[in-house]
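Asks: make a model of this:
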Amino acid sequence: MKTLKIFRHIFVFTIAFLFMFSTLFSADLKKNRKSLSRATLIAGDGPIVDYDWQWHKIGRLWTRVTNFGKAGDDAYQNRSPSCDYPGGSGNSYLYRGSVWVGARVDGKFHVTMPEDNEWAPIDYVHIDSVTAARADQETYTKYYDVKAPLAEGHFPLGVEVTERTYAWGDALRGDFIIYEFTIKNVGIDTDNDGVPDTPRDLEQFYFTYRLDADVSKKPEWPTESVFTNQDDHAGVNSSWGILDLFPGWREASAGFFTDDLADSTLMFMWDGDNPTVPADNGEEDDTGNPAVDGKLQSPGFIGFKILKTYPPSFKPTSFHTNHIYNDPTTDKEAYERMMKPQTFESDGPSGVLVHPKTGKPFPNDYRAIISLGPLEKLAYGDSVVITAAMGVGSDPDSGGVYSLMKLVKIMQIAQYMVDIDYDKDRIRVAPAPSDFIIKERYDEFGRTTGIRILWDKASEDSINYPEFYGYRIFKRIKGVSEFEEWTQIAEYIVNDKNWPPPTSDENPDYYEVVDSDRIINGFEYEYRFQTLTNNLAFGIITKETSSKIVPANNVANDLSRVKVVPNPYIGSAIWNNPQPSEDFPWEHRLQFINLPADATIKIFTLDLDFVAEIKAGQTAQKIEGDVAVSGAKSVAEWDLVTRNFQEAAPGIYIYVIESPSAGKKTGKFVIIR
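Replies: As a prediction, the model looks like this:
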């Protein structure tokens with residue numbers, strides 16, 4: 001094993017000033033480069049279209065795909081999945097991934113970067129989960145730098161990028177997303193119509209990927225905080241010299257990191273120890289962000305690995321780290337990030353890499369930067385192709401090097417998929433049921449006594465999926481701040497004594513399991529269903545589907561049992577969502593229960609000012625994590641937003657229920673903030 005020999009420090013601290021204002025500057029620098037809206041660009045600029053994005057929300061890694069050279073979602077508010085792991089948790093591992101390209105023109109080096117709005121979209125993001133040929137879900141888009149209406153002082157290289165992504169929903173391949181970048185020299189635009197019309201060769205061509213991970217961001221944490229972007233670390237799989245910088249890692253990983261893994265194609269970032277703050281549980285070391293109960297909230301490593309290149313000689317040649325205070329602001333500085341040998345930059349005084357208190361590298365808001373090249377000439381009409389994977393490896397119990405080892409294994413699977421050219425016949429995973437249903441079970445009085453879980457037998461296709469192995473069912477409950485951990489409630493293995501699962505009394509083509517444990521009306525339950533495949537090469541592979549439900553009593557025939565729950569309403573109630581976002585858009589939830597299905601509720605102040613109207617079956621929760629929340633027909637939910645889109649004030653309110661089948665009823669309820 002070679003140790004890292006070069007520890008360079010480019011940025012020199014003005015210690016007192018930056019110590020006082022570092023957090024403020026960190027926020028300002030990033031806020032100047034916000035996400036762009038879909039309507040930013042004006043139609044008619046040649047082939048340029050509006051900014052657009054779609055999301056991969058299958059498997060365990062959820063993220064956003066854009067058409068302007070960025071990966072993830074770097075928004076400060078209402079952020080959507082951005083390498084969220086596990087998917088649906090809202091725990092983001094990525095602030096932004098960026099595609100850079102650079103080359104010499106007439107002896108001078110120029111770089112195209114999305115941070116300066118130098119990529120312009122020339123196609124929308126197309127997403128396909130039906131006819132996808134290589135993966136369970138694929139995207140396709142294009143962008144170029146021939147014309148960049150939002151960039152200042154832009155020098156176009158004249159390149160067009162076709163970006164494709166591939167994602168899978170099974171456990172074997174659900175921790176990574178594969179990116180394929182085809183970069184073509186299309187020439188430059190000399191008449192300013194947005195269409196390239198003049199050939200030009202590029203000399204010393206580089207491709208760079210910049211990973212600004214901010215590991216990690218839970219929904220309740222600020223984007224700029226000691227838990228998110230101020231204590232990152234970055235490393236590269238280059239002779240594993242990084243292990244020498246973290247005491248104990250080499251011993252813990254003994255025998256795992258061998259010479260065949262010691263290449264420079266994988267860079268990674270993780271949450272380190274910020275020595276200026278303790279963990280939530282009071283421990284001095286906050287690596288992995290331990291919660292009050294000691295559970296790691298950010299145990300994972302996010303990685304970006306180069307899997308394949310064309311031409312094959314176009315290989316990774318350098319790795320850099322830098323931090324927010326010395327981000328490149330010119331093409332010359334960006335070029336230095338591409339060309340120079342491996343460089344780790346520190347936030348320590350006088351360029352010291354290792355913190356004297358912890359014995360580990362200084363934490364900061366780092367970026368990891370990997371570069372390929374140079375290609376001596378990218379001639380007009382020629383292309384290079386870079387295939388890479390972005391993924392998260394996580395050992396939730398131990399974190400650290402154990403998560404890194406998981407990341408390496410995950411990337412080996414990504415490499416395998418590329419090596420077999422995505423051949424679906426090489427890994428055939430039994431699909432999830434085509435129909436997965438959850439609904440209440442009622443007693444003779446219409447009260448909920450449990451949740452019925454039903455699914456069809458479409459997974460048991462012995463011809464197409466001979467390695468089908470069985471089913472597992474898991475459950476979790478929404479608590480005060482987030483869902484509880486998953487609990488397995490059933491398992492059925494082919495040829496085992498419990499096979500097959502119970503058949504539904506209503507339909508012999510369906511199985512049915514009833515969950516009667518801790519079922520309380522008004523609480524939110526999520527059920528995860530796994531189809532199992534016993535693959536000879538990779539072991540048990542799971543394909544998952546999930547659904548959520550808020551159980552309620554059956555529809556009523558009259559208004560005698562109508563109630564408002566909770567009454568009084570308290571803003572800190574356990575079923576609320578104090579951190580709304582794009583995937584969790586609701587915040588408050590008040591229910592009218594035991595309604596007829598045709599009921600309408602009108603809400604008034606004591607002065608009889610009309611406040612809002614809701615109907616039976618209406619839900620405040622709408623959608624969470626791309627999984628629909630079913631609205632019970634006997635319940636009407638109000639999100640405490642008035643008809644004028646204002647938050648309802650504390651006080652006493654009057655409601656009037658009208659039902660064509662059951663009549664009319666009036667009552668009161670109280671809101672306490």
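
Asks: helix or strand right after the helix ranked longest in the chain?
Replies: Secondary structure assigned by DSSP state H gives helix 400-419 as the longest helix of the chain. Counting by DSSP states H and E, the element after helix 400-419 in chain order, helix or strand, is strand 436-442.

Asks: quick check: phi and psi on residue 269?
Replies: As for residue 269, its main-chain torsions (degrees, to the nearest 10) stand at phi -140, psi 160.

Asks: ok, for it, nearest residue in space, not its chain neighbours?
Replies: In this structure, residue 269 finds its nearest non-sequential neighbour in residue 213, 3.8 Å apart by C-beta to C-beta, 6 or more residues apart in numbering. Heads up, the C-betas are built off the backbone N, CA and C, glycines and all.

Asks: which SS class is the residue lying closest to residue 83 once chain neighbours are set aside?
Replies: The shortest distance from residue 83 to any residue other than its chain neighbours is 3.6 Å, reached at residue 94 (C-beta to C-beta, 6+ apart). Classification of residue 94 into helix, strand or coil gives coil, according to DSSP: H, G, I helix; E, B strand; the rest coil.

Asks: what's the neighbour count on residue 94?
Replies: Using other C-beta atoms under 10 Å, residue 94 is surrounded by 29 other residues.

Asks: mind checking how far it is from residue 75?
Replies: Residue 94 sits 12 Å away from residue 75, taking C-beta to C-beta, to the nearest Å as the criterion.

Asks: rewinding a little: tell me how far the residue nearest to residue 269 lies from residue 662.
Replies: 56 Å.

Asks: these two - which one has more neighbours?
Replies: Legend: neighbour count by other C-beta under 10 Å for residue 213 and residue 662, higher for residue 213 (33 against 19).

Asks: my read: that one touches residue 95, true?
Replies: Yes. Using C-beta atoms under 8 Å, residue 213 is in contact with residue 95, at 6.4 Å.

Asks: shared neighbours, those two?
Replies: Taking C-beta atoms under 8 Å, 6 or more residues apart in numbering as the contact rule, residue 213 and residue 95 have no neighbour in common.

Asks: now do the strands in the stretch 401-550 of the chain.
Replies: All strands of the stretch 401-550 of the chain, identified by DSSP state E, counting those that start in this stretch, fall at 436-442, 448-456, 468-477, 487-493, 510-515, 525-535, 539-549.

Asks: which elements pack onto the helix or strand following the last one?
Replies: Read that as strand 539-549. Read in the C-terminal direction, the helix or strand following strand 539-549 is strand 563-565, with elements assigned using DSSP H and E. On a contact count with 3 or more C-beta pairs under 8 Å, 6 or more residues apart in numbering; DSSP states H and E, strand 563-565 meets strand 590-593.

Asks: so residue 236 bridges to which residues?
Replies: Using DSSP bridges, the bridge partners assigned to residue 236 are residue 267.

Asks: count of neighbours near it?
Replies: Residue 236 sits with 26 neighbouring residues when counted by other C-beta under 10 Å.

Asks: my guess is it contacts residue 371. True?
Replies: No. Under the criterion of C-beta under 8 Å, residue 236 lies out of contact with residue 371, with a separation of 11.2 Å.

Asks: so how far is residue 502 from the closest residue to residue 515 other than its chain neighbours?
Replies: Distance criterion C-beta to C-beta, 6+ apart; nearest residue to residue 515, sequence neighbours excluded, is residue 451 at 4.6 Å. Summarising the geometry, the distance separating residue 451 from residue 502, computed by C-beta to C-beta, is 15 Å.

Asks: can you pull the poorly scored residue ranges out of the protein?
Replies: Confidence mapping of the chain against pLDDT under 70 gives the ranges 1-45, 238-241, 258-263, 341-352, 479-483, 573-575, 577-586, 621-631.

Asks: domain-wise, how is it divided?
Replies: With automatic domain parsing serving as the domain definition, the record reports that the chain contains domains spanning 15-425, 436-549, 563-672.

Asks: out of these, which comes closest to residue 555?
Replies: Residue 555 lies closest, by C-beta to C-beta, to one member of the domains of the chain: domain 563-672, at 4.5 Å.

Asks: distance from the chain centre to that closest one, please.
Replies: Using C-alpha atoms, centre = their mean, to the nearest Å, the distance from the centre of domain 563-672 to the centre of the chain it belongs to is 30 Å.

Asks: tally of neighbours for the nearest residue to residue 218 once chain neighbours are set aside?
Replies: Of all residues beyond its chain neighbours, the one nearest residue 218 is residue 91 (5.1 Å), with distances taken as C-beta to C-beta, 6+ apart. Per other C-beta under 10 Å, the neighbour tally for residue 91 reads 24.
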